[in-house]
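A.B. asks: Curious how this folds, go ahead:
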Amino acid sequence: MKKFAVSTMSFILVLFFCSSNLWAGDSEIRTEPTDRSSLPLTEPEMTEPEMTEPEISEPAETMAEVVPAVVEDAVAEVEAPVVVPPPAPKDDLTIAAELIEIEGLENYKKALDLCMEAVKKDPNNFKANWMAAQACRKYGMDAQELGLADWKDTCKLYGKKGMAYAEKAIELEPKKADGYYWYGMNVGIYADSVSILTALKEGLKDKTQNSFETAYKIDKYYEDAGPMAALGRFWYVLPWPLNDEDKSMDYFREYQKTEFFGTEDNVQVNVYFAELLMESSKTEKEAKALLEEVPKISQNKYWNKQAKQLLDDM
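C.D. replies: Numbering: from 1, shown residues only. You can find the predicted model right below:
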């Protein structure tokens, strides 16, 4: 019994020392003392993060504002096309101008009829009068170029009518070139039909000269610089001693410097100028070059024929 008591006591002591070593910790592992008082007595309490409602920014536009805008855009996409009202009907003079621009004997005649009708409605209409004079000259000259059997009668009749319309235009607007220019041009087709001598006997020389010179002073670039070319031709075709080749040369040289020289619409100037240049051996070579250009710049049979005849005469 005493042995058992001693054994029991020995077991208790061993247990005590082992427990104290466990509390002290391993001296080789624990090198720094630990202040146990600094350790929390309990495990730290896990707190849930504070839940805050997300910040919602104020919308730039409210639904009340957005919906109408969306609707408007949708409506714009399906909006009915704008109905363009039909253009106002063209007046007779506008139609006449378009017909003259198209060219051709029938178009000139239609334009002439419209202009003459406009003059009947309003005799003091400046535009109607000068356009009637223009149409008379265009119609007569085209009849001549086409070689119609009655071209002389046409030029005589409408040349006279054209002069009358042009004189009225001059009376209505004496400071504008239209009436003066077309007066002289109608004298031209009239003289072609009755001869220059007959025209001179009728006193048309001074009137024609004054008309072209006045048009030149007002606007020498009118109708593709027409007054320049017209004066060049005028001073050449007059019979001696009325003609003046120096003046003719000056006007043709001036015209030659314009953008209108050597173009299809003004091919006749090549022929007229060449006739003058052929008068001198010094300019004969230049005349030939101008005539050779005619079929290259225009398909007009009349002026091609005139150019060929002059070349054959050289």
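
A.B. asks: what does stretch 163-170 rub up against?
C.D. replies: Defining contact as C-beta atoms under 8 Å, 6 or more residues apart in numbering, one finds that stretch 163-170 is touched by 115, 119, 123, 126, 129-130, 132-133, 136, 176, 178-180, 182-183, 186-187, 190, 211. Glycine gets a C-beta too; all of them are placed from N, C-alpha and C.

A.B. asks: ok, of those residues, which come out buried?
C.D. replies: Among the contacts of stretch 163-170, those classed as buried by 16 or more other C-beta atoms under 10 Å are 115, 119, 126, 129-130, 132-133, 136, 176, 178-180, 182-183, 186-187, 190, 211.

A.B. asks: Return the subset of those lying in helices.
C.D. replies: 115, 119, 126, 129-130, 132-133, 136, 178-180, 182-183, 186-187, 190, 211 (DSSP state H).

A.B. asks: Not counting sequence-adjacent ones, nearest residue to Q134?
C.D. replies: Excluding the flanking residues, the one nearest Q134 by C-beta to C-beta, 6 or more residues apart in numbering is W182, at 5.2 Å.

A.B. asks: Run through the residues that contact the one you found.
C.D. replies: Neighbours of W182 in contact, by C-beta under 8 Å, 6+ apart: W130, A133, Q134, R137, G162, Y165, A166, A169.

A.B. asks: was I right about the fifth one contacting R137?
C.D. replies: Read that as G162. Yes. G162 lies in contact with R137 (C-beta atoms under 8 Å); the separation is 5.3 Å.

A.B. asks: what is in contact with those two at once?
C.D. replies: Residues touching both G162 and R137 (C-beta under 8 Å, 6+ apart) are W182, M185, N186, I189.

A.B. asks: Can you add pLDDT and distance to R233 and give the residues you listed back as CSV?
C.D. replies: Listed next are those as CSV, based on pLDDT from 0 to 100; distance: C-beta to C-beta, whole Å:
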residue, pLDDT, distance to R233
W182, 98, 15
M185, 98, 10
N186, 98, 14
I189, 97, 13
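
A.B. asks: Make TSV out of those residues and add distance to A111.
C.D. replies: Formatted as TSV, the shared contacts of G162 and R137 follow (distance: C-beta to C-beta, whole Å):
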residue	distance to A111
W182	13
M185	15
N186	15
I189	16
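
A.B. asks: where do the helices sit along the stretch 201-314 of the chain?
C.D. replies: With DSSP state H, counting those that start in this stretch as the definition, the stretch 201-314 of the chain shows helices at residue ranges 204-219, 222-237, 245-256, 267-277, 284-297, 301-313.
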